[in-house]
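Student: Give me a 3D structure for the following:
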Amino acid sequence: MTELSIGSKRQLLILADDLTGALDTGIQFAKRGLRTSVVGVECEYGAYPDTDVFVIDTESRHLSGEDAYGVLYRAVKRACACGIARFLKKTDSGLRGNIAAEITAVMDAAGIGTVAFIPAFPQINRTVVGRISYIDGVPINKSVYGADPLNPVSIERVADLFADQKYRAAEYSDPKEFPPHADEEQIAVFDSAAKSDIESIVGVLNECGCSRLYAGCAGLADVLAETMGSRRAGAQAPEGAEIPGGGEVSGDGEIPGAAEVPEGFLVICGSISPVSLQQLRYAAEQGYKCLCIPVETINETVFPESDAFAGCVSRIRMTLAEEKVCIISTESIGEKAAESAGTSADIDPGAIAANLGKLLGGTLSEGLHPVIMIIGGDTLFHITEELSCRELQLVSEPERGVVCVKMKTAADEYTVLTKSGGFGDEQLLVRLIRSFSGGSQ
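Tutor: I've put the predicted structure just below:
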């Protein structure tokens, strides 16, 4: 059995179920000067003595509840054996994934009887009021997340997520209702409609000593990062961490390459969220070139060896050379796209994401260095796999929910922007293109 090196009890471990979630949560700490390392599930925590915050992508959103529980349980047990004692279970702000099973796994593995679950993200108008989750003022099950093709949300009351779990869900509209000495095991679900509400909740929990385990999204991470304080560590984390690797971070918010991008701006959208599709439609209306690859084509395992693949690579390179901006989508960006997306049992989202990674690799194979925008957590994960990424270095958050990283492969380095498919207003993509391509179009 491999001997585990020992970390520090002051360190925080964040567990996210997809890679975009890992990055948009980790950046909240990094931009405040806290040493933040994105690592693998078998990280040797003791090798990072100067790291304040560890972030793990467990890639468990699309697993069964039982399998997701196992992944989280093993990851937390390993972290506890290395001396980690504080945890944040990052959850999707759209309540997708195996939230109940994964929170339960962290509680069981860490031996922590109470978790504070703060699922709201008020900074982007995702709130919990009167125990109901709202997206832009609409109950979540009636929002775009209720029609998500892979993880549709059927409940509106947050506590209903835990109906079949071993721990009782207790609901609090006011943090002052939380018992100061909570001996009873519980999943404490809190309302919050503003960032100040989250700040109040965190303050109360810190005072009563119930701050070892939180669950929530980047809105909660934003507040926790503020409470941890800002410091800039001088020691650098060792290289060669598991992929995604440990990264040196900067907290100055500078956007690398924004002034001049001679080799263009390339968007790879694997998301079929209506939010992302509307952003693509708006970009097309502004005159940016969108190349749509039929799902039936890119879903084929033989796609990378086909003439269609070679033709796509050629078109992408030509568009970048002539237009400076190229957007790749796997769905029609017409009005009916969201209705038809993901309805076929023959469509394999993993195969599509992997082929998008191969397509990007083919495009970059002759030394191109565009800024790359990757939309969708599954797409980002498969692209890092296909390009043999050895490190993702957190850099900045140019817009809320958008993370800028340096993606380092064995032979090269690229500026990459990432975001979840469900984030942002319709003009977000165009703002990023104009910011990072020196005002093209």
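Student: what's the neighbour count on Arg74?
Tutor: 15 (other CB atoms under 10 Å). Any C-beta I mention is one placed from the backbone N, CA and C, and that applies to glycine too.
Student: Could you report the pLDDT at it?
Tutor: In the predicted model, Arg74 carries a pLDDT score of 97.
Student: can you tell me which residues contact it?
Tutor: Applying CB atoms under 8 Å, 6 or more residues apart in numbering, we find Arg74 in contact with Val41, Ala109.
Student: any idea which helix or strand comes after the least confident helix or strand in the chain by mean pLDDT?
Tutor: Least confident element among the helices and strands of the chain, by mean pLDDT, DSSP states H and E: helix 337-340 (a mean of 45). Once the chain leaves helix 337-340, the next helix or strand it forms, by DSSP states H and E, is helix 349-364.
Student: Check the offset of the one helix or strand Phe117 maps to from the chain's centre.
Tutor: Per DSSP H and E: Phe117 is located in strand 114-118. Averaging C-alpha positions (CA atoms, centre = their mean, to the nearest Å) puts strand 114-118 20 Å from its chain's average.
Student: which helices and strands does that strand pack with?
Tutor: Packed against strand 114-118 by the contact rule (3 or more CB pairs under 8 Å, 6 or more residues apart in numbering; DSSP states H and E) you find helix 99-110, strand 186-190, helix 195-207, strand 213-216.
Student: closest one to Ile347 among the ones you listed?
Tutor: Nearest to Ile347, of all the helices and strands packed on strand 114-118, is helix 99-110, at 24.9 Å by CB to CB.
Student: Grab the nearest non-local neighbour of Ile375.
Tutor: Among residues not flanking Ile375 along the chain, Cys269 sits closest, at 4.3 Å (CB to CB, 6 or more residues apart in numbering).
Student: So that neighbour is in contact with Cys326, correct?
Tutor: No. Contact criterion CB atoms under 8 Å: Cys269 and Cys326 do not qualify, at 11.4 Å.
Student: which one of those two has more residues nearby?
Tutor: A direct count of neighbours by other CB under 10 Å for Cys269 and Cys326 places Cys269 higher, at 27 against 24.
Student: residues touching that one, list them.
Tutor: By CB under 8 Å, 6+ apart, the contact set of Cys269 is Ser276, Leu280, Ile327, Ile328, Ser329, Thr330, Ile375, Gly376, Thr379, Gly421.
Student: beta partners of it?
Tutor: Ser329, Ile375 (DSSP bridges).
Student: let's have the chain start at 636 instead
Tutor: Sure thing, new numbering starts at 636, so read that last one as Cys904.
Student: Distance check, it against Glu806.
Tutor: Plainly put, Cys904 is 37 Å away from Glu806 if you go by CB to CB, to the nearest Å.
Student: Could you do Gly946 as well?
Tutor: Distance of Gly946 to Glu806, given as CB to CB: 55 Å.
Student: The closest residue in space to Thr693 that isn't next to it in sequence: what's it in contact with?
Tutor: Distances taken as CB to CB, 6+ apart put Val706 closest to Thr693, at 5.1 Å, once the chain neighbours are dropped. Shown in contact with Val706 (CB under 8 Å, 6+ apart): Val676, Thr693, Ser695, Leu698, Ala740.
Student: same thing but at 7 Å, please
Tutor: Thr693, Ser695, Leu698 (CB atoms under 7 Å, 6 or more residues apart in numbering).
Student: for the closest residue to the second one other than its chain neighbours, helix, strand, or coil?
Tutor: It stands for Ser695. Spatial nearest neighbour of Ser695, chain neighbours left out: Ala703 (4.2 Å); criterion: CB to CB, 6+ apart. Put simply, Ala703 is helix when judged by DSSP: H, G, I helix; E, B strand; the rest coil.
Student: ok, Ala703 touching Ile734?
Tutor: No. In this structure Ala703 lies outside contact range of Ile734 using CB atoms under 7 Å: 9.4 Å.
Student: Report how many residues lie close to Glu1001.
Tutor: Counted with other CB under 10 Å, residues neighbouring Glu1001 total 8.
Student: Who has more neighbours out of Gly946 and Glu806?
Tutor: Glu806 (17 against 10).
Student: where are the low-confidence patches of the stretch 786-935 of the chain?
Tutor: 815-818, 864-897 (pLDDT under 70).
Student: Measure how buried Arg792 is and give me the count.
Tutor: Neighbours of Arg792 (other CB under 10 Å): 18.
Student: Phi first, then psi, for it.
Tutor: Backbone geometry at Arg792, expressed as degrees, to the nearest 10, gives phi -90, psi 120.
Student: That one is in contact with Ile767, isn't it?
Tutor: Yes. Arg792 is in contact with Ile767 according to CB under 7 Å; the separation is 5.9 Å.
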